[in-house]
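> Fold the following for me, if possible:
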Amino acid sequence: MKIVCEIGNKFPKTCEDCKLFVSELGNSAYCVVGGEYTDEEIESEEDGELDMYYHGCLESRPKNCPLKEVESV
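Okay, the predicted model is just below:
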C-alpha cells in the first residue's frame, strides 16, 4: 500500500525547508518520517558536524530521505 500526502506547493531543497523537519522545545530538530544522515554524509560536508549541532541538518537532504516529488493531478 502506498500513502501519498501533499505537504506543500514546493518540493523542499533542504531539511530546514521541509514541514516534516520539526524542532520541539528543548530537543534537537529531527525528521518525523525517519530521514537520517549517515556519518559519511556528515563528515564529507564542510562544517557538517557544526551544521548538525546548530541546525540539525545539512545543506542537502539525507540519501534516505523518504520524500519523493510527484506531479499534482
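> gap between the residue nearest the centre of the chain and residue 67?
Centroid-nearest residue in the chain, with C-alpha atoms, centre = their mean: residue 15, separated by 3.1 Å. Going from residue 15 to residue 67 by C-beta to C-beta, to the nearest Å gives 10 Å. No exception for glycine: its C-beta is placed from N, CA and C like everyone else's.
> show me where the protein has helices.
Here the chain has its helices, by DSSP state H, at 39-44, 48-54.
> ok so, going back, give the contact list for the residue nearest to the centre of the chain.
Counting by C-beta atoms under 8 Å, 6 or more residues apart in numbering, residue 15 touches 21, 29, 31, 35, 56-58, 61-62, 65.
> Determine the residues that are contacts of both of residue 15 and residue 67.
In contact with both residue 15 and residue 67: 35, 61, using C-beta under 8 Å, 6+ apart.
> Just the ones of the contacts of residue 15 in strands?
21, 31 (DSSP state E).
> Save the contacts of residue 15 as TSV, and put in distance to residue 48 and pLDDT too.
Formatted as TSV, the contacts of residue 15 follow (distance: C-beta to C-beta, whole Å; pLDDT from 0 to 100):
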residue	distance to residue 48	pLDDT
21	17	91
29	15	84
31	16	91
35	16	91
56	12	90
57	10	92
58	6	94
61	14	91
62	12	94
65	16	92
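> Closest one of the contacts of residue 15 to residue 50?
Residue 50 has its nearest neighbour among the contacts of residue 15 in residue 58, at 10.3 Å by C-beta to C-beta.
> Quick check: that closest one touching residue 42?
Yes - with contact defined as C-beta atoms under 8 Å, residue 58 counts as touching residue 42 (6.9 Å).
> Mind listing the shared neighbours of the two?
Joint contacts of residue 58 and residue 42 (C-beta under 8 Å, 6+ apart) are 48, 52.
> quick one: which of those two has more around it?
residue 58 (20 against 15; other C-beta atoms under 10 Å).
> roughly how far apart are that one and residue 8?
According to C-beta to C-beta, residue 58 and residue 8 sit 20 Å apart.
> Appreciated, that's everything.
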